[in-house]
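Peer 1: what's the 3D shape of this:
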Amino acid sequence: MTSGVRRTGRKRFRIEWPTVVLIAGLYLAFGLLTWFHAAIPIWLFLPLAIYLGGLYGHVEHEVIHGHPTSNRRLNKVMIFPSIWAWIPHPVSHRMHMTHHRDQYLTCPEKDPESFYVTPEAWAKMGPMERGLRIAMNSFAGRVLLSPARSIFLVWSGGLARLAKGDRSDLSAWLWHIPAIALPLGWACWISGLPFWLYLVGFVYGGAALSAMRSFLEHQAVAEVGERICVVESGLFFGFLFLFNNLHIVHHKHPGLAWYRIPARWRAKREAYLALNGRYYYRGYAEVVRRFLITPKESPVHPGMPRVAQQGLSWSRISLPGGNLAGAPFGPATQRVPAKPM
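Peer 2: This is a model prediction of the structure:
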């Protein structure tokens, strides 16, 4: 039995046991890995810490979408100790649910998870910032550089809101202090793990794995379904990402539990591929082979072609007509990021 429902007063209480077991196993693995870190060679410890940090981020993603129980407060308590530390849960929740307004997907002015920029923003950038943006559109750049960008934007953005007198996130940041302190205190104070190793492994490395999954997750085209990618990987990455690499399934059914995604994908594979225009890769080896140091596309959003794109050259195709959240697709061009199957 994978989940249970029982009545509590007037409401039906739902619990998904696979996710509860996953959360318990995650914290148990974290506790054991940090406690025994001195007996584990660093070449083995770091990959394990990075994997657990990345897994925590995807477990938090499940909680954002209302798992593993029907009680959202209980769900938040279950993942309260923040292993990857860099973003308060309420801030992450707000940003991600804003991202799920699919009609705005990839729009740099509407989607907080978009890596695109407007032509106006691009025109104002200096050579260094442009170079950084182009670099982050390669696989290596996205994995190695974008976690620093994301962490900086979250923390500087939080401080800027406070400086302007906006205290809407103050409670989230105050609660984030004990959320960070619990796993950090266990790992570094009680277990004696070097602080730098915690940061490199669980925090930065975990964020890097999340960036790996999201690297090709969305493209800027007119049809909403065709903005959403599928990378059909094996169990190692599938479990790490809680099968969000089958991303079209998640956006089509955002409330579907992680362990139900593979079966839904297998049952309706061709329908999903038709929906996303076969924006598809046969695993992360293909992604690395094609885009390790090669930018996948221009950083400038192609649906807002008000200034000439600069800095890259590649073969282009015309975008179909349509609208993206009120920003019209004019005569624009877009590199084809995925081969048809």
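Peer 1: got the contact list for Trp86?
Peer 2: Going by CB atoms under 8 Å, 6 or more residues apart in numbering, Trp86 touches 150-151, 154-155, 203, 207. C-beta: built from backbone N, CA, C; applies to glycine.
Peer 1: His251 belongs to a strand?
Peer 2: No: per DSSP: H, G, I helix; E, B strand; the rest coil, His251 lies outside any strand segment and is helix.
Peer 1: and the closest residue to it other than its chain neighbours, bridged to which residues?
Peer 2: Excluding the flanking residues, the one nearest His251 by CB to CB, 6 or more residues apart in numbering is Ile228, at 5.0 Å. Beta-bridge partners for Ile228, by DSSP bridges, are His218.
Peer 1: hang on, the earlier thing: between the contacts of Trp86, which is closest to Lys296?
Peer 2: Of all those, Lys296 sits closest to Ser150, with 18.1 Å by CB to CB.
Peer 1: sort out which residues of the host helix or strand of the closest one are buried, please.
Peer 2: Using DSSP states H and E, Ser150 falls within helix 139-163. Buried residues in helix 139-163, counted by 16 or more other CB atoms under 10 Å: 139, 141-143, 145-147, 150-151, 154, 158.
Peer 1: now stretch 195-203
Peer 2: In stretch 195-203, counting by 16+ other CB under 10 Å, buried: 197-198, 200-203.
Peer 1: which of those fall within helices?
Peer 2: The members of the buried residues of stretch 195-203 that map onto helices under DSSP state H are 197-198.
Peer 1: now the buried residues of stretch 195-203 in CSV, with distance to Trp173?
Peer 2: Listed next are these as CSV, based on distance: CB to CB, whole Å:
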residue, distance to Trp173
Leu197, 25
Tyr198, 20
Val200, 24
Gly201, 24
Phe202, 20
Val203, 17
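Peer 1: closest to Val59 out of the buried residues of stretch 195-203?
Peer 2: Set against Val59, the nearest of those by CB to CB is Phe202 (13.1 Å).
Peer 1: show the pLDDT at the closest one.
Peer 2: Note for Phe202: predicted pLDDT of 98.
Peer 1: for it, give its distance to Ile50.
Peer 2: Phe202 is 8 Å from Ile50, where distance means CB to CB, to the nearest Å.
Peer 1: Leu246 too?
Peer 2: Per CB to CB, Leu246 is found 22 Å from Ile50.
Peer 1: what of Leu292?
Peer 2: Using CB to CB, we find Leu292 at a distance of 18 Å from Ile50.
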